[in-house]
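Q: Sequence and predicted model, in that order:
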Amino acid sequence: MTINSCPYPVFFPKAIPSFHEVLVVLQSFHSPPLAPHSVCLWCLNSTPPASVSVTRFHMRFIYSVFVSFLPQGATIKRNEATGEIFVARVIHGGLADRSGLLHAGDRIIEVNGFPVNGLEPEQVIQVVAKSQGTIMFKVVPITERPVHNQTMLYVRAMADYSPQQDPSIPCADAGMGFKKGDVLEIVDQTDALWWQARKLPSISACAGLIPSTNLLKRKQREFWWSQPYQPHGCIQTRECSGFRRSMRLCRRRSHSISQPSCHSRCATTCHGTLASPYEEVVRYQRLPQDTYRLIALLGPSGVGVNELRRRLIDINPGIFQGPIPYTTRAPKSYEESGREYHFTSREMFDNMVYNNKFLEYGEYKGNMYGTSIETVKEILTRKICVVDIEPNAIQAVRTHELKAYIIYVKPPSMDRLRQTRQDAQITTNYYINRPFKDEDFQDMEDAARKMESHYWHLFDNVIVNDSLQEACLQLLTAVRRAQDEPQWVPASWIRPTNQP
Ligand SMILES: Nc1ncnc2c1ncn2[C@@H]1O[C@H](COP(=O)(O)OP(=O)(O)OP(=O)(O)O)[C@@H](O)[C@H]1O
């Protein structure tokens, strides 16, 4: 069987410094399909089965093998001291990997009888490109192959990465970009600096290069000064929602503090991204006998978080419930402790704050308001607890005990806001309800943009609150999924560690 040469334009990397690796197989486009049983080594569009001859030298023993080639392959690099060409890495799931014949560290002596020693990696690629018919590699295999750790690791990216903008990547063509929140399957961690990973859900069998945890941390430290300024994650935002108006307003008035307090938990809350650019995740499916997962809603002020929460609970109060907040204010004549609020003394409240008993708490008109973790936990043993939270409380609910499923309520476009909120009322900071104005929509959009840029990677689901009815349906579906279907959750929830 033969290998056709590629009659179509081949993409070559432009000026790649010699210390960079070069991807042996390059991407191109095949508009007319390849002939049956042929493969293009350049773009590696193949119609399997196709074959290539690889001759291997090992000690004095020479043998030839035929392997099936599938798209993608390996990178090569040159030893600057000796001029020898080596396979730098084999792309997981690709051509060379599947053949099982090429390994990182193998030395390439010839391509189709042409000695490659002393050539630049790019020149080797040219030799491959000029070859006609069967392509033969002469290879001296590495004597000691690294033992591959086959354990799959799944992580959630807590930062964005683009190989095209990373001058330090050994081979940008072999790199894989990702965005905050993407779930990655790490398939090879042999190299301390460059891992191989696939983005999930993956349609490609081939992996791409990504920086290892340590390398990405280093990059973040080196480049922090070049990042656009982003306000500190712990800065209090004015968003709020909740059933009890004073509780909602107290959170809005910038006095609210997530619990555990900002200062004690900043390492995870605010610098978490810097501390660990990847969060290890596992697939978790709640069992019927397990407590429910907490449903936490958040979104910019006025987007409809509270409306959605209220409607969800109204649909079936036997299944859904919100926690009753604690307050230090005096009960009104018609109020009953445990119904509107848990009324408590200031001393008791301070004690609860001191003992980290609140998910979040704050002050409004001289009175304290807070949502107790115990209340939430107790509800979760019987029903699905639905809370609305501030962004700074995200870390407080992302715990082994609460296993919060975080739903971000996103505003629709300005036009749709104007259309859908014609009869809606915004609750101002001064406790006044009035119709929405364009400035309110603008504020909502600005707040949404900030929230998304800081916390997008921590959202399990996003619901655009355009039509209220549609958003309610989506919320119901999301809640059912959270409770009944497997989801990616932090590995520490399932295998708790001693870390805070
Ligand atoms: N999709 C929608 N279509 C029309 N009106 C909506 C929609 N969603 C919410 N509203 C209305 O918008 C107003 C504000 O909603 P809501 O009180 O739930 O906001 P919120 O996100 O909880 O913000 P805040 O906590 O600041 O009050 C309410 O009058 C609500 O009925």
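A: Everything's here; your move. Numbers count the residues shown, from 1 in each chain.
Q: Tell me how this structure divides into domains.
A: According to automatic domain parsing, the chain comprises the domains 22-140, 153-226, 245-494.
Q: Which one of the ones you listed lies nearest to the ligand?
A: If you check each of those against the ligand by Cβ to the nearest ligand atom, domain 245-494 wins as the nearest, at 2.7 Å. To be clear about C-beta, it is placed using only N, CA and C from the backbone, and glycine gets the same treatment.
Q: Report the backbone C-alpha coordinates of stretch 107-119 in CSV.
A: The C-alpha coordinates for stretch 107-119 follow below in CSV (Å, rounded to 0.1, in the frame of the first residue of the first chain):
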residue,chain,number,x,y,z
ARG,A,107,16.2,9.1,17.2
ILE,A,108,15.3,9.6,13.6
ILE,A,109,18.2,8.7,11.3
GLU,A,110,16.7,8.8,7.9
VAL,A,111,13.5,9.7,6.1
ASN,A,112,13.2,7.7,2.9
GLY,A,113,16.9,7.0,2.8
PHE,A,114,17.7,10.7,3.3
PRO,A,115,20.0,11.3,6.4
VAL,A,116,18.5,13.9,8.7
ASN,A,117,21.3,14.2,11.2
GLY,A,118,22.3,17.9,11.5
LEU,A,119,19.2,19.2,9.8
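Q: can I get the domains of the chain in CSV with mean neighbour count and mean pLDDT?
A: Putting the domains of the chain into CSV (neighbours: other Cβ atoms under 10 Å; pLDDT from 0 to 100) gives the following:
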stretch, mean neighbour count, mean pLDDT
domain 22-140, 18, 60
domain 153-226, 18, 86
domain 245-494, 18, 88
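Q: The ones you listed into CSV, with extra columns for distance to the ligand?
A: Below are the domains of the chain laid out as CSV (distance: least, Cβ to the nearest ligand atom, whole Å):
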stretch, distance to the ligand
domain 22-140, 44
domain 153-226, 22
domain 245-494, 3
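Q: I figured residue 141 hits residue 106, correct?
A: Yes - under the criterion of Cβ atoms under 8 Å, residue 141 makes contact with residue 106 at 5.2 Å.
Q: Could I get the full set of helices for this structure?
A: Secondary structure of the chain by DSSP state H: the helices cover 95-99, 121-130, 213-223, 245-252, 262-269, 272-275, 305-315, 346-354, 373-380, 394-397, 414-420, 438-455, 468-484, 491-494.
Q: Serialize these to JSON lines and add fields for distance to residue 160.
A: Shown next, in JSON lines, are the helices of the chain (distance: least, Cβ to Cβ, whole Å):
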{"stretch": "helix 95-99", "distance to residue 160": "27"}
{"stretch": "helix 121-130", "distance to residue 160": "29"}
{"stretch": "helix 213-223", "distance to residue 160": "11"}
{"stretch": "helix 245-252", "distance to residue 160": "30"}
{"stretch": "helix 262-269", "distance to residue 160": "20"}
{"stretch": "helix 272-275", "distance to residue 160": "10"}
{"stretch": "helix 305-315", "distance to residue 160": "26"}
{"stretch": "helix 346-354", "distance to residue 160": "36"}
{"stretch": "helix 373-380", "distance to residue 160": "32"}
{"stretch": "helix 394-397", "distance to residue 160": "19"}
{"stretch": "helix 414-420", "distance to residue 160": "26"}
{"stretch": "helix 438-455", "distance to residue 160": "10"}
{"stretch": "helix 468-484", "distance to residue 160": "25"}
{"stretch": "helix 491-494", "distance to residue 160": "22"}
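Q: Give the bridge partners for the nearest residue to residue 197 once chain neighbours are set aside, please.
A: Of all residues not flanking residue 197 in the chain, residue 184 sits nearest, at 4.4 Å (Cβ to Cβ, 6 or more residues apart in numbering). Legend: beta-bridge partners of residue 184 under DSSP bridges are residue 155, residue 199.
Q: Residue 208 versus residue 184, what's the distance?
A: Using Cβ to Cβ, to the nearest Å, residue 184 is found at 10 Å from residue 208.
Q: intersection of neighbour lists for those two?
A: Overlap of the contact sets of residue 184 and residue 208 (by Cβ atoms under 8 Å, 6 or more residues apart in numbering) consists of 197, 198.
Q: How about the contacts made by the nearest residue to residue 97 once chain neighbours are set aside?
A: Nearest residue to residue 97 in three dimensions, chain neighbours excluded: residue 90, at 5.0 Å (Cβ to Cβ, 6+ apart). Residues in contact with residue 90 (Cβ under 8 Å, 6+ apart) are 73, 74, 96, 97, 102, 103, 104.
Q: now residue 106: how far from residue 125?
A: For residue 106 relative to residue 125 (Cβ to Cβ), the value is 17 Å.
Q: cool, and residue 289?
A: 58 Å.
Q: With residue 199 instead?
A: Distance of residue 199 to residue 125, given as Cβ to Cβ: 26 Å.
Q: cool, residue 170 as well?
A: 15 Å.
Q: ditto for residue 114
A: Residue 114 sits 12 Å away from residue 125, going by Cβ to Cβ.
Q: And residue 448, by the same measure?
A: Taking Cβ to Cβ, one finds residue 448 at 47 Å from residue 125.
Q: now swap in residue 450 and tell me
A: Distance, residue 450 to residue 125, using Cβ to Cβ: 46 Å.
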